[in-house]
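>>> Sequence and predicted structure are below.
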Amino acid sequence: MAIADGFRVAKVLAVALDFDLFTKLSGGEGTTPEEFGSAEGLAPRPATLLLTACASLGLLDKRDGRYVNSELSEEFLVRGKRYFFGDLVTFTDRREYDAWGKLDVALRTDRPNTWDPDTEQTLFDPQDEHMAELFPKAAHSGAVFTARAMALSHDFGAYRRLLDVGGGLGSFCGELCAHHPNLRATVYDLPFVSGMAEKRLAETEVGDRVDALGGDFFADGLPTGYDAILLTNILHDWSDEESARILAKCHDALGSGGEVIIGEAFLDDDGTGPVAGAVAGLNMLVETAAGTNRSRAAYTEMLNRAGFTDVRRLGLVVDAPLINGALVARKA
Ligand SMILES: C[S@@+](CC[C@H](N)C(=O)[O-])C[C@H]1O[C@@H](n2cnc3c(N)ncnc32)[C@H](O)[C@@H]1O
């Protein structure tokens, strides 16, 4: 049944966030269904049903007859908190909920549902209503806690300068530099995203060690002078051939001994799971022209073909959204 009605659960979370429920409850005395209903213009029945559903999912606790944030929602669903996850939920709901309703069409046509490859050149078109602002914020929302997991799982302090290719709003750079005081990092992304990253990073505690550079990893060469390149949730957006071009650019940009780190929701090598990677793979069908999730074995082959050696598999010491591990490889 959990499989059959999983979409209902996702919608409960998305709608509660649309009401800004968890931010409004943060730090307060909680709410009753009557108070919540009258504040939001809802009749008692729907107000009660929504709060009950949120409590059943562990998003709210009930104390002395009042609904309050659970520990989970207090940490991840309150706007303005460091690990706020809500923008990813909202993006997924607004952009992908309807598109997943037509999953059968994507399967039959082998084309994305969320944008039109006949009129838009790429998924990352700044003219697209969701891409211009919501997507970078959503990616940040998923990345910042994931970056913490990466920081705890790999010694980024061994590097002096890190280049985060397709680094979005600098979520990984910011978090990794916060954990490693001697690390300096550059976010490299399309100019409309790197401009947003620059502004955001300037206001953070590590703003003096992280900068942002605009560019296109297909049209331009990558900047040099870095001893590590990070690629998280990048290669799954592209075909094998396009991914090979990106890896070749990374290889060209690194000096001898430089390392590339790939973070992904990897598939098991035998192609049977895990659920997160496999379902994210189908999302690549809905969202991209030729992307796919791949196994560690497939990425190892791609890395070797690009000239990297000594490929190591890295587990995460804490679970993270969006990725389930990393591969680290060296340029000989
Ligand atoms: C799925 S997001 C991943 C963001 C981040 N690395 C993370 O893990 O959250 C893909 C990123 O690649 C960037 N991107 C797409 N095409 C690009 C290109 N041609 N050159 C540089 N960056 C690009 C997008 O703007 C976006 O920030």
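Good, I have the coordinates. Numbering: from 1, shown residues only.
>>> Going by C-alpha atoms from here, please, whenever you check contacts or count neighbours.
OK.
>>> Which strand or helix spans Arg312?
If you go by DSSP states H and E, Arg312 is part of strand 308-314.
>>> The helix with the most length in the chain packs against which elements?
What stands out as the longest helix in the chain, according to DSSP state H, is helix 134-153. On a contact count with 3 or more C-alpha pairs under 8 Å, 6 or more residues apart in numbering; DSSP states H and E, helix 134-153 meets helix 86-91, helix 171-179.
>>> Let me know which of those is the nearest to the ligand.
Across the helices and strands packed on helix 134-153, the ligand has its closest neighbour in helix 171-179 (7.1 Å, C-alpha to the nearest ligand atom).
>>> State the distance from the closest residue in space to Asp189 that isn't next to it in sequence to Thr186.
The spatial neighbour of Asp189 that comes closest, neighbours along the chain excluded (C-alpha to C-alpha, 6 or more residues apart in numbering), is Gly166 at 4.6 Å. In this structure, Gly166 lies at 10 Å from Thr186, with C-alpha to C-alpha, to the nearest Å as the measure.
>>> Glu40 too?
Plainly put, Glu40 is 43 Å away from Thr186 if you go by C-alpha to C-alpha.
>>> Between these two, which is the more surrounded one?
The residue with the greater number of neighbours, taking Glu40 and Thr186 and applying other C-alpha atoms under 10 Å, is Thr186; the counts read 24 against 12.
>>> any idea which helix or strand carries the more buried one?
In this assignment (DSSP H and E), Thr186 forms part of strand 184-189.
>>> Downstream of that strand, the next helix or strand is which one?
Tracing the chain C-terminally past strand 184-189 and defining elements by DSSP H and E, one meets helix 191-202 next.
>>> Packing partners of that next one?
If contacts are counted by 3+ C-alpha pairs under 8 Å, 6+ apart, helix 191-202 sits against strand 184-189, strand 210-214.
>>> Any chance you could list what contacts that helix?
Helix 191-202 is touched from outside by 126, 132, 136, 168-170, 174, 187-188, 207-208, 210-215, with contacts defined as C-alpha atoms under 8 Å, 6 or more residues apart in numbering.
>>> Buried residues of that helix, list them for me.
192-198, 201 (16 or more other C-alpha atoms under 10 Å).
>>> Centre of the chain to it, how far?
In terms of C-alpha atoms, centre = their mean, to the nearest Å, the centre of helix 191-202 is found 17 Å from the chain centre.
>>> Show the average pLDDT along that helix.
The pLDDT scores in helix 191-202 average 96.
>>> cool, and stretch 281-292?
When pLDDT is averaged along stretch 281-292, the result is 98.
>>> CA atoms only: put that stretch into PDB for me.
As requested, C-alpha coordinates have been extracted for stretch 281-292 and formatted as PDB (Å, rounded to 0.1, in the frame of the first residue of the first chain):
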ATOM      1  CA  GLY A 281      16.900   7.200 -12.700                       C
ATOM      2  CA  LEU A 282      13.300   7.300 -14.000                       C
ATOM      3  CA  ASN A 283      13.200  11.000 -13.000                       C
ATOM      4  CA  MET A 284      16.000  11.500 -15.500                       C
ATOM      5  CA  LEU A 285      13.700  10.200 -18.100                       C
ATOM      6  CA  VAL A 286      11.000  12.700 -17.100                       C
ATOM      7  CA  GLU A 287      13.500  15.600 -16.700                       C
ATOM      8  CA  THR A 288      16.400  15.100 -19.200                       C
ATOM      9  CA  ALA A 289      16.900  14.300 -22.900                       C
ATOM     10  CA  ALA A 290      19.400  11.500 -22.300                       C
ATOM     11  CA  GLY A 291      20.400  11.300 -18.600                       C
ATOM     12  CA  THR A 292      20.300   8.200 -16.500                       C
END
